[in-house]
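> With the input below, show me the fold.
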Amino acid sequence: MQNRVLLVEDDDELRELLARYLSGQGFTVREAANGQDGLALALGQHCDIVVLDIMLPDINGLEVLRELRSQTHLPVVLLTARGDETDRIVGFEVGADDYIPKPCNPRELVARLQAILRRVAWDQKTEVKAAQRYGDLRIETNHRRIYQNDEALDLTATEYEILQVLLAHAGSVVRKTDLMQWALGRRLEAFDRTLDMHISNLRKKLGGDDSPRIETVRGLGYSYRVSE
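Modelled structure (predicted):
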């Protein structure tokens, strides 16, 4: 079955270029030229993943993302202006799974989409396992859910993957290069702060930065400290 991607982009030329390339790579592509149409298609379950431009003519892409995150965990990759780190930071805070700067390389976009979809598909095929506990956290891999004190954490697909890897290696250091590959499905590149932004969001969702249970091991990576 083909993976269905929703491409929300108001630049007709770019949208048509990406749609043709994605179709040639085996994706079923739905298109929207504005935020309202994109939101309706995404919430109508017409796709498996969304490619969302931030600068849209009616609704800002970040507002579209906020609305999506209030109702669904559908994976979202943002298209951002090159060098605009503020949009990327806010995008991750709102719940984006990844981003790619414009003008984007279609081949790189396909690689990012495939990496996210592979992770989702792998977890869905995983055999049902008993819930595992790590202090006040409980992870149910068959439902792709992590609970804190029996309250489900509102995690994006990528945040779930990162936290799952850290929990599986609780008490040990997970190198940034390994965490990037295992959780995001791609290599860590120089000046790429994607992983750092996701970690920051996870710390906030786990109770703030005052006494972070996800510890930064300078020069190496991150370690999850199990609460007593």
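
> Could you measure from residue 40 over to residue 88?
As judged by CB to CB, to the nearest Å, residue 40 and residue 88 stand 26 Å apart. To be clear about C-beta, it is placed using only N, CA and C from the backbone, and glycine gets the same treatment.

> Would you mind writing the CA trace of stretch 190-198 as PDB?
Provided in PDB are the C-alpha atoms of stretch 190-198 (Å, rounded to 0.1, in the frame of the first residue of the first chain):
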ATOM      1  CA  ALA A 190      27.000  19.900  12.000                       C
ATOM      2  CA  PHE A 191      24.900  22.800  13.400                       C
ATOM      3  CA  ASP A 192      21.700  20.600  13.300                       C
ATOM      4  CA  ARG A 193      19.800  21.400  16.500                       C
ATOM      5  CA  THR A 194      16.800  19.300  15.700                       C
ATOM      6  CA  LEU A 195      17.600  16.700  18.400                       C
ATOM      7  CA  ASP A 196      18.300  19.400  21.000                       C
ATOM      8  CA  MET A 197      15.000  21.100  20.300                       C
ATOM      9  CA  HIS A 198      13.100  17.800  20.800                       C
END
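
> Could you check which of residue 40 and residue 88 has the larger neighbour count?
Neighbour comparison, residue 40 and residue 88: the larger count goes to residue 88, with 21 against 11 (by other CB atoms under 10 Å).

> Against which helices or strands is the helix or strand containing that one packed?
In the assignment (DSSP states H and E), residue 88 maps to helix 85-94. For helix 85-94, the elements it packs on are helix 61-69, strand 76-81, strand 98-102, helix 194-205, judged by 3 or more CB pairs under 8 Å, 6 or more residues apart in numbering; DSSP states H and E.

> And those: which comes nearest residue 148?
Closest approach to residue 148 among the helices and strands packed on helix 85-94 (CB to CB): helix 194-205, 8.4 Å.
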